[in-house]
Each structure stands twice: as C-alpha cells, then as structure tokens.
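# After the sequence you'll find the predicted model.
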There are 2 protein chains.
Amino acid sequence: MPRPPKGVTIADVAAQAGVSLSTVSRALNGNPTVDPALAERVREAAASLDYRASPLARSLVLGRTQTISVVVPDLGNPTFQEVLRGLSRAAAADQYHVLIADSAESVDEERLLAVETRRRTDGIILCAPRLPQDELERLAAGIGPIVLINRSAGDGVPTVRADYGAALGDELTHLYGLGHRRIVFLAGIARSVANAARLEAIADFRASHDDVEITELPGGVDFDAGAAAAPAVLASGATAVLAFNDLVAMGLQSAVQASGCRVPADLSIVGFDDIPFARHTTPPLTTAAVPAAELGARAWAQLRLLLDGEEPGPPLSLRPQLTVRGSTGPVPR
Amino acid sequence: MPRPPKGVTIADVAAQAGVSLSTVSRALNGNPTVDPALAERVREAAASLDYRASPLARSLVLGRTQTISVVVPDLGNPTFQEVLRGLSRAAAADQYHVLIADSAESVDEERLLAVETRRRTDGIILCAPRLPQDELERLAAGIGPIVLINRSAGDGVPTVRADYGAALGDELTHLYGLGHRRIVFLAGIARSVANAARLEAIADFRASHDDVEITELPGGVDFDAGAAAAPAVLASGATAVLAFNDLVAMGLQSAVQASGCRVPADLSIVGFDDIPFARHTTPPLTTAAVPAAELGARAWAQLRLLLDGEEPGPPLSLRPQLTVRGSTGPVPR
DNA sequence: CCCGGGTCGGGAAACGTTTCCTCTCCACTA
DNA sequence: TAGTGGAGAGGAAACGTTTCCCGACCCGGG
C-alpha cells in the first residue's frame, strides 16, 4: 500500500473515512453541525494518514496567512535583535508566524521589502524604518495593517516607541544632580529620528537649566566611533558625556581609560540602550534601559488588534529606565 | 471610477486589456508565445492597475512558496543572530524570503516548529538543533529539503558546521606554545554537541602532549557563569583557561581581574566565537572567530542546491580562525 | 398518515493563479 | 486551390481548501 508520495490531501481523508470533502473540512475545523461519531471517524482517518491541511490552500480561501512580516534595518544590531525576539515570541504565542526581512540600512531595499513582504502576509511591522517622513506616511497609508516601531506616520497608524527624549532628560537630570555642569553629547547619525529626539530633549533641558553647558560633538553609532571621539571629549574639558548609545559609550570609556583618564572619577559616562554587555564593563555602564523586547511584544499586540478588526490602541510610548551603575559619579572638584 | 477595494486580480487586468486570463498570465511571465504588441498592452494594463500576482495563489499552483524557514534555539544568542543575518541576506539575494522561528531552547517547541513551519515553506534550515540524535535523524528524513547547521543526521542530509574541535586544538596549541602546561577547560552545557566536540579535541591534544594537564571545570554558557567560575579557576593553580565561549571568558576575566589577578600576566584566557565585543574588552580577548554569518550563507547555498533539484554539496566544515589578542601571554614564571 | 421543521451531509462554487489542450487563423507549399 | 503546419490566444482544469446552498432524512404534531 504505497503512500501518495506528494502530500496527502483532504480528498484522501474523505475517501478513507467514506465521507465528502466538506464533511472532513467541517469535522477537522470543529464545526458543531457534524455528528460527533462521524467527526471522530474523520479525525481517526486524518490521524492515520497524518493529514494536515495545506496552509497555502487554506490561506488562499480564508484570506489570511497567519503570518506577519517584520522589516528591520539591520539584523546585526543588538537592539533590533531584541525587538525581533520579543516580537517573534509574542506572535508565536498567538500562533502567528514571522517573515523577516533585513533592509541592510538601505532606504530603497526597505521600501521594496515592505511592499513585497507585505503581500505575503496579513500585516507588517516596520522596525525603526529609515524612510523619509513623507514616503513613510504614503507607504503606511497604502499597505494594510501596519505598526511602526520608533517612528510615526499620522493618526491612523499605530506606533510603539521608546521615549528617547524623556530618557535622555532623565540622564541629564542624573548628571546634573551629581553636580556636572559641562556635558558633552556624542551625537549619532544626524538624519536619524532617534538623534533628533535627543537633541530636542537637550534643548529642553538647556531651557530650564541655564547654568549647564551642553556641547554637541559628532560621534557615531558604534564602538569605534566612541573610541575615535575620545581625544575631542578629553580636550573639551567636560566632566560628563552622554553617548548616543552603549556601543559608543563603551568605545569611549575604553579609549579614555587607555589614556589614563579614570571613570567616573575624572569623567562620567552614560550610554543608551542597556545592551546586555553594559553591566559587564569596568566600571559597569550607567545607561537608559530601552525595553526592546517589550517594544517588540507591544508592537505585536497592536498589530494583533488590527488583524482582529479592532481599534488599534493609542500610540504607545515606553520610557527607557535610567539604570545607574558605576560609570557615573560626582563631578570632580 | 472607484478602485476595486479588495485587491486587483488578474481578471481585472484581462478585462482592461481586453484579453483572456491566460494571455495576461503568459504575457506577465514573459512567455514568448504571446505577441509582443499584445504583451506590451497587457503590461500597460497591469501597470495602470498596479497589479501584482498574488503570491498565495501563485504558490498554490506552482508548488513553491519562494520562502524557507529557519529554526533557531534562541534569537537572543549573538551567534545565531549572526547566522541568521548571513542566511537572510544570502537568501534575499536569491529572491527568497525567510520565515523565522525561535524554539526558546525547548526541544518540544523545536520539533513542533520544524514540522509546522516546514509546511509553509519550500525548505528548512535547523540552526544548532537541540533534538536528540535519533529524533533529529528521523525528523530530517521526514521533512523535505533540509539543511543542518552544526549538527549532522546521516549522509542524505547536507550539513554546514563550524569545526569546534579543530579550533579548540588551535587554541590549545597556541597556549602550549606560550609555555602553558596547566590548563583549565570551562565546559558548557554537558549534553551539548558543541561541548562534546571540544572534549574530544582536548582528549586528542592530551594524547599527543603528555606533559600538559588539562582540567575540566563545570562552567556554563553566559557571562555570569564565567564570573561564578572565577574562584575555582584561581584555586586550580592553572595558568591558562579555555572558556566555552566569549561570554564565559569575559565573565571570568572581569571577575578574576576584580580579585587582583592580572590578565594575561597571571592568567591567560581564551574564549570562543569572537562575538563583536571580544575585541573591546581590556585586554582584548584571544578567541576563535566562528564565521557565523558565513555559516548562514553557506547553509543557504546548500539549501538552494536542494531546492533547484541539484545534488547537495559535501558536508561543509568551516574552521574558526584563531584570533590572538591581548588576553593570552607567556606562562608566568 | 401527511406535512413541517430541524439536523446533517454532499455538491459545487470560490479563492487567484498557471498551464495544458484545443481552436482559429494565416501563410506557405504542393 | 486545397492541404499542412505553426503561431497565437481562449477555455478549462488544476492546485487544496472552506463554505454556501440545497437536498435527504428523521422526528413530532396535527
């Protein structure tokens, strides 16, 4: 009795159970209008053939794929990895699958991938998209259920974001409380939205604290950028540094230490993100813990509402938690 | 002229162009049996309606989804992240999409996800699966085109692996060359295949160097495990430590430094993996660079052969590159 | 005993494609 | 001029489901 080599279909089950296709479908989907005894017989037949409905055919007729797509600028970025992790687990818990796409920081790729992957899934989550605002809004309006992470695109589009501004404000307050009055901000990529939020927070802080001097220095986004900024930071005479992110902070910390500067005795350093390593540097890094995994999980929750045809929740803003460790201390006298 | 709100289909294009469905399909797929002028007209109609064939319907009839699934034990693990990154970019370059699943280190989840996601895609890549060997072989035999990363399951199943044993041998040789004769190996998870490969390499090395004493100490897999092992390492009197991975090495390094032990003057430490941070510790970590992204890319290449109906290449073994940095030095006198 | 209503299962349409088969039409050749 | 062959396009089947619609059957009431 040779098994049908190419996948057992619902027709095979129907034949085996001696009923029609419709009945098999109903029985297997728990439709109550089918006689319990018959249903059991069908289930047995299905089990004996190891039958599973083709997700493809099912999707086609049902109009949903039970899959969402996630577009990320760089799978190598720890923050996005964490977002993806939270997202994927949350979606999996709801029996949804995740199609993933890495735009490699390219705006063109991003646009392309968004529409392309969206067509294969029920909805899409754009993680920190790099698209310019107008294009983003047009795109978001065009492609069905969509949730944005760390960007917004008008009222209709649910958003989940980390409140970088508020967190940076917390960091500034922390430094200010320690007595620091000359502070350097090591900027990230200029065009970046995350950077803009920080600059705004800095402006706010300046406005309410006129005895503090905050200088912006070109930085970057990775360890080497932080290390490269060390001379400029030391030359600036500042007593504390706000780095764009933890990577930059760590690069800076390691470089200034190498040139004899003590952290935090001579210089306080704060990072941003709280990547897993931040707690393990010497001294451990004071930073703002961006709840990346939760960001992902919340984004999924939003998307799920949309998929279920419900109203999306209000734009969500998660405030990163100021996490004070050893890299910040009182201003040197 | 209101646009059909729910997706424009091939029928709309056919109507617009005044031809049959078949012709539209042929024209759009570049079938040469359609008159060039007509084909152009069809393309125009399609463009004017912004028509794109439904991937779902297409997949159903074509029998391929242009998608593969990847199952990973933990999306939070930097090595798997890197594998995934290489894999996803390589697949994307070949116009394939990637469905991702995180088994959360659970064997049951892994088994489930493998068969479940496999049904929605054309093939599957299991990244360092945790399944016991017999089950893995059965599973691999059952679910179509499959490629394994860091595990093998018989001759029929293409495999891409990092040669942990060879790399550990390189590390031992490096330490031995520096004069170390008392070495500690900080083991990972006992049941782990990667751990077994290392133990084997250690046994080999012992066999050919009878003046060296290699002690195995229970370790673990993360930073904290490394830190926790510090007292035992210091008490052992060893002059060098092989950590299961970089995380463990870093935890250990930071803990022994905190208790006054100098690295590498008093103790040499080598890690494994070369995670991005390894070069940034103080001192930078000597380690074996596992080419994770390439592992992913190669796995895709193998799978692609299978999908194209060609013979899979021979089992591939990538040898991690010994990367000597500052955490190893001559044995203390 | 006949008829109405309710329950349950089968047939067929639908989802949106691709492709096989067939038919038409035209040009060329014998 | 009639027959042959090929090009090109339409019709319909197929992919594997779900679900609407309808018919059959059974039960109870009049």
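Structure's in. What do you need?
# A:Met250 and A:Phe223 touch, don't they?
Yes. A:Met250 is within contact range of A:Phe223, at 6.0 Å (criterion: C-beta atoms under 8 Å). For the C-beta atoms, the positions are set from N, CA and C on the backbone; glycine is no exception.
# Please list the residues of chain A that sit near chain B.
For chain A, the residues in contact with chain B (C-beta under 8 Å from any C-beta of the partner chain) are A:52, A:54-57, A:59-60, A:65, A:67, A:75-76, A:78, A:81-82, A:84-85, A:88-89, A:92, A:97-102, A:104, A:117, A:119-120, A:223, A:250-251, A:254, A:257-258, A:276-277, A:280, A:282.
# one step back: neighbour count winner among A:Met250 and A:Phe223?
A:Met250 (28 against 22; other C-beta atoms under 10 Å in any protein chain shown).
# Show the contacting residues for that one.
Residues near A:Met250 by C-beta atoms under 8 Å, 6 or more residues apart in numbering or on different chains: A:223, A:226, A:271, A:277-278, A:281, A:285, B:280.
# can you tell me which of the residues of chain A next to chain B are in helices?
A:55-57, A:59-60, A:78, A:81-82, A:84-85, A:88-89, A:92, A:117, A:223, A:250-251, A:254, A:257-258 (DSSP state H).
# which of those are buried?
Buried residues within these, counting neighbours by 16 or more other C-beta atoms under 10 Å in any protein chain shown: A:55-56, A:59-60, A:78, A:81-82, A:84-85, A:88-89, A:92, A:117, A:223, A:250-251, A:254, A:257.
# among these, which are in reach of DNA strand D?
A:56, A:60 (C-beta under 7 Å from any atom of the strand).
# how far away is A:Arg333 from chain B?
Counting by C-beta to the nearest C-beta, to the nearest Å, the gap from A:Arg333 to chain B is 27 Å.
# Check for me that that residue belongs to a helix.
No. Secondary structure of A:Arg333 (DSSP: H, G, I helix; E, B strand; the rest coil): coil, not part of a helix.
# What does the pLDDT read for it?
Looking at A:Arg333, its pLDDT reads 80.
# Repeat that for A:Arg118.
Note for A:Arg118: predicted pLDDT of 96.
# and what of A:Val42?
The predicted local confidence for A:Val42 is 94.
# Now it: closest residue in space, sequence neighbours ignored.
A:Ala27 (3.8 Å; C-beta to C-beta, 6 or more residues apart in numbering or on different chains).
# Summarise which helices and strands the strand or helix carrying the one you found is packed against.
Using DSSP states H and E, A:Ala27 falls within helix A:21-28. With contacts defined as 3 or more C-beta pairs under 8 Å, 6 or more residues apart in numbering or on different chains; DSSP states H and E, the packing partners of helix A:21-28 are helix A:10-17, helix A:36-49.
# Common neighbours of A:Met250 and A:Phe223, please.
Joint contacts of A:Met250 and A:Phe223 (C-beta under 8 Å, 6+ apart) are B:His280.
# Confirm for me that A:Asp211 is in contact with A:Arg181.
Yes. If you go by C-beta under 8 Å, A:Asp211 and A:Arg181 touch, sitting 6.0 Å apart.
# Centre-most residue in chain A?
Residue closest to the average C-alpha location in chain A (C-alpha atoms, centre = their mean): A:Val83, at 3.4 Å.
# Against A:Ala232, how distant is that one?
Per C-beta to C-beta, to the nearest Å, A:Val83 is found 32 Å from A:Ala232.
# what's the answer for A:Gln95, then?
According to C-beta to C-beta, A:Gln95 stands 52 Å off from A:Ala232.
# Spatially nearest residue to A:Glu105 (excluding sequence neighbours)?
A:Glu105 sits nearest to A:Pro73 (C-beta to C-beta, 6+ apart), 5.0 Å away.
# That neighbour - how many residues pack around it?
For A:Pro73, the neighbour count with other C-beta under 10 Å is 20.
# Who are the contact partners of it?
Going by C-beta under 8 Å, 6+ apart, A:Pro73 touches A:80, A:102-105, A:110, A:127-130.
# Return the member of those residues nearest to DNA strand C.
A:Glu110 (24.1 Å; C-beta to the nearest atom of the strand).
# ok, back up a step: A:Gln95 and A:Ala232: who's more crowded?
Looking at A:Gln95 and A:Ala232 with other C-beta under 10 Å, you find the greater number of neighbours at A:Ala232, namely 15 against 8.
# Please tell me how far the more buried one sits from A:Val256.
Counting by C-beta to C-beta - A:Ala232 and A:Val256 are separated by 11 Å.
# try A:Ala187
Distance from A:Ala187 to A:Val256, by C-beta to C-beta: 18 Å.
# just A:Thr159 next, same as before
Distance, A:Thr159 to A:Val256, using C-beta to C-beta: 37 Å.
# would JSON lines of the contacts of A:Met250 with distance to A:Ala196 and pLDDT be doable?
Shown next, in JSON lines, are the contacts of A:Met250 (distance: C-beta to C-beta, whole Å; pLDDT from 0 to 100):
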{"residue": "A:Phe223", "distance to A:Ala196": "23", "pLDDT": "90"}
{"residue": "A:Gly226", "distance to A:Ala196": "20", "pLDDT": "94"}
{"residue": "A:Gly271", "distance to A:Ala196": "19", "pLDDT": "96"}
{"residue": "A:Phe277", "distance to A:Ala196": "26", "pLDDT": "86"}
{"residue": "A:Ala278", "distance to A:Ala196": "24", "pLDDT": "91"}
{"residue": "A:Thr281", "distance to A:Ala196": "28", "pLDDT": "87"}
{"residue": "A:Leu285", "distance to A:Ala196": "24", "pLDDT": "96"}
{"residue": "B:His280", "distance to A:Ala196": "28", "pLDDT": "87"}
